[in-house]
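> missing the sequence, but the structure's below:
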């Protein structure tokens, strides 16, 4: 492990329980008697306090993410960067196709999604703002300004047929990659936007950022058992380090995987990478572990402990080989509260 998860929880809970939980921040928790407890300020303050607790640890906090609501979040980073995340949902119909391709080419590339009758999605859009926190408002951008821009996007796209009802989208590929770029361009002059992520459904999203980079991501799962136990440690040491996770008969998880690739899109088709190859490649990579005991039924953890850190390091090149494309980022959720991330430098 990078650091024992129990150590992380114990240290952070000392702050949360004593200073934040069941408190009125404006009156009970300094410095929010002087500064506004916006998500940006709370994230930055929490990170500052948390870093101080890890001065004797090898692993250091690098970011603190605060969710105020389903539509409003902020992240503070150890290098001083602060971000605000705004979410909005909209419902829209579309036919996934490119005007640069024939009907047959569209059907071959997009399958049933290319039907001219269209289909619908409940989109979920995440817009990430980056900049300095204004001392008067405590926010990167005041809520009334950012919400008016988000409302504009909502009104432009919600309950519309994107191919037919949005003139600016006509005569261009209607893919999630192109739609993410379109939304970015519509709001980039009004907000200090760093990047956005557009979820087409719960398992697929597209990204676009200020450097004109595209990304697509796929979410999948596998079910597996494991036991956290190191042959290099005595039994009592394993119990001290891994606790219940050292149960001799193992325990199980529904592991969640998020695979992301980044590149430029093909201008003719409007896609970054064929979705079926991406989807099937990840499925093939995960199939080897699905409904298996990682320590007993595979050879991958014969000499290493099946921690999240080690699982993601084994899985990263395996997915790359299966999809025949380089990953930019891989995330692994072992539980709702426990996530591991591996990025390509």
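Everything's here; your move. From a predicted model like this one, the values you see are computed outputs, not experimental measurements.

> which residue ranges form the helices in the stretch 1-150 of the chain?
5-15, 25-28, 39-53, 103-110, 143-157 (DSSP state H, counting those that start in this stretch).

> Check which residues of the second one are buried.
Within helix 25-28, the residues that qualify as buried are residue 25, counting by 16 or more other CB atoms under 10 Å. C-beta here means a position set from N, CA and C on the backbone, and glycine is covered the same way.

> Same check on the fourth one?
Of the residues in helix 103-110, those with enough neighbours to count as buried (16+ other CB under 10 Å) are 106, 109-110.

> Equivalent analysis for stretch 245-265, please.
Buried, per 16+ other CB under 10 Å, within stretch 245-265: 245-246, 250, 253, 255-262, 265.

> which pair in those residues spans the largest distance?
246 and 265 (47.1 Å; CB to CB).

> Outline the domain layout of this structure.
The chain breaks down into these domains under automatic domain parsing: 1-66, 81-211, 213-345.

> In JSON lines, list those along with distance to residue 75 and mean pLDDT.
Conversion of the domains of the chain to JSON lines gives the following (distance: least, CB to CB, whole Å; pLDDT from 0 to 100):
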{"stretch": "domain 1-66", "distance to residue 75": "5", "mean pLDDT": "95"}
{"stretch": "domain 81-211", "distance to residue 75": "5", "mean pLDDT": "97"}
{"stretch": "domain 213-345", "distance to residue 75": "13", "mean pLDDT": "97"}
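
> Quick check: which of the ones you listed is nearest to residue 74?
Nearest to residue 74, of all the domains of the chain, is domain 1-66, at 3.5 Å by CB to CB.

> For that closest one, measure first residue to last.
25 Å (CA to CA, to the nearest Å).

> so residue 6 makes contact with residue 243?
Yes - at 6.5 Å, residue 6 counts as touching residue 243 under the criterion of CB atoms under 8 Å.

> who's in contact with residue 89?
The contact partners of residue 89, by CB atoms under 8 Å, 6 or more residues apart in numbering, come to 122-125.

> List only buried entries from those.
Neighbour-count burial (16+ other CB under 10 Å) applied to those gives 123-125.

> For residue 144, state which of these is nearest.
residue 125 (19.1 Å).

> and that closest one, how far is that from residue 237?
48 Å (CB to CB, to the nearest Å).

> One more: residue 314?
Distance from residue 314 to residue 237, by CB to CB: 24 Å.

> Looking at those two, which one has more neighbours?
residue 314 (15 against 12; other CB atoms under 10 Å).

> Mind telling me what element the nearest residue to that one once chain neighbours are set aside is part of?
Excluding the flanking residues, the one nearest residue 314 by CB to CB, 6 or more residues apart in numbering is residue 300, at 5.0 Å. Counting by DSSP states H and E, no helix or strand carries residue 300.
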